[in-house]
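Asker: build me a model:
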Amino acid sequence: MLDQIFSYREMCDIENVQTLQRGMNFRMNPHYSVILMSRRSNAPYSDKILNDSITIEYEGHDEPKTAHDMNPKLFDQPNKTKKGTLTQNGKFIAAVEKYKKETTIAEPIKVYEKILPGVWSLKGLFNLIDYRIQHDGKRNVYIFSLKLSDKQDVKINTQIDLAHTRLISSEIKKEVWKRDSGKCVICGSVKNLHFDHDLPFSRGGTSLSSKNIRLLCAKCNLSKSDKIE
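Answerer: Predicted coordinates:
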């Protein structure tokens, strides 16, 4: 389910890890990779959701800081370590190249977005389909392209209708989270929360206004779905 909300601890538990210390995690799970993105003003990388609402441009990651006087933002983003092994950038690039050569399917990427400190939203499962090298004014960075998959569960292959899927912007999510005090607007639960369209998108509801978005827990969300004819 898109836009489900988790605490940092819940997110780590879902991915069966103690901590998630980096944003790019190639094949953290045997079935998919994981990335953590942020579009907040103080985010270290320039991640974007494009106007089509189903494509993410995700910036690769910098050289690790190893000296006090080293600024990673002045160096090209690496695809290999000093030992010659692939960095996370390199592993993602290799996956794109294999996909383009039709030797494998597009790498499934599970995307979480940071909304507020300790609050994360599951954007869904995306396919890694391309990358490019871009100069940001100081150095070369990698930009990876991910497109929302029509299969949102890599094990059971649940189908969704991309024509009726619209990602809610992080600004709208922050506004809704604060307005609804981080709890279900129906029962007050703070667990298993989702961003819900009050009027479903398929019926003309919009993702562009907080007036049509609210917080619901899974139980109330299911109850609402049962009443929609």
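
Asker: burial measure for Cys217, as a count.
Answerer: Applying other CB atoms under 10 Å, we find 22 residues neighbouring Cys217. Where C-beta positions appear, they are placed from N, C-alpha and C, glycine not excepted.

Asker: skipping adjacent residues, who's closest to Phe126 in space?
Answerer: Spatial nearest neighbour of Phe126, chain neighbours left out: Leu146 (3.9 Å); criterion: CB to CB, 6 or more residues apart in numbering.

Asker: just Phe75 next, same as before
Answerer: Distance criterion CB to CB, 6+ apart; nearest residue to Phe75, sequence neighbours excluded, is Glu63 at 5.0 Å.

Asker: same deal with Thr206?
Answerer: Excluding the flanking residues, the one nearest Thr206 by CB to CB, 6+ apart is Asn212, at 5.2 Å.

Asker: wait, doesn't that neighbour sit right on Asp196?
Answerer: No - with contact defined as CB atoms under 8 Å, Asn212 does not reach Asp196; the gap is 9.3 Å.

Asker: the two - which one has more neighbours?
Answerer: For the pair Asn212 and Asp196, the greater number of neighbours falls to Asp196 (23 against 19), based on other CB under 10 Å.

Asker: how close does that one sit to Ile168?
Answerer: Summarising the geometry, the distance separating Asp196 from Ile168, computed by CB to CB, to the nearest Å, is 10 Å.

Asker: over to Leu128?
Answerer: 22 Å.

Asker: hmm, who's touching the helix ranked longest in the chain?
Answerer: Among the elements of the chain assigned as helix by DSSP state H, the one spanning the most residues is helix 88-100. By CB atoms under 8 Å, 6 or more residues apart in numbering, the list of residues contacting helix 88-100 from outside reads 22, 24-27, 33, 60-61, 77-80, 86, 104-107, 128-131, 142, 144.

Asker: excluding chain neighbours, what is closest to Asp196?
Answerer: Using CB to CB, 6+ apart, the nearest residue to Asp196 is Leu216, at 4.3 Å.

Asker: quick check, the one you found in contact with Asp180.
Answerer: No - taking CB under 8 Å as the contact criterion, Leu216 and Asp180 are not neighbours in contact, 9.2 Å apart.

Asker: look at Pro30 and report its pLDDT.
Answerer: Reading off the per-residue confidence, Pro30 sits at a pLDDT of 88.

Asker: so what's Ile109 up against?
Answerer: Tyr32, Ser33, Val34, Ile35, Leu125, Phe126, Asn127, Leu128, Leu146.

Asker: can you give me the buried ones in the helix or strand just after the longest helix of the chain?
Answerer: Past helix 88-100, heading to the C-terminal end, the next element that is a helix or strand (DSSP states H and E) is strand 107-116. Burial within strand 107-116, assessed by neighbour count using 16 or more other CB atoms under 10 Å, is assigned to Glu107, Pro108, Ile109, Lys110, Val111, Tyr112, Glu113, Lys114, Ile115.
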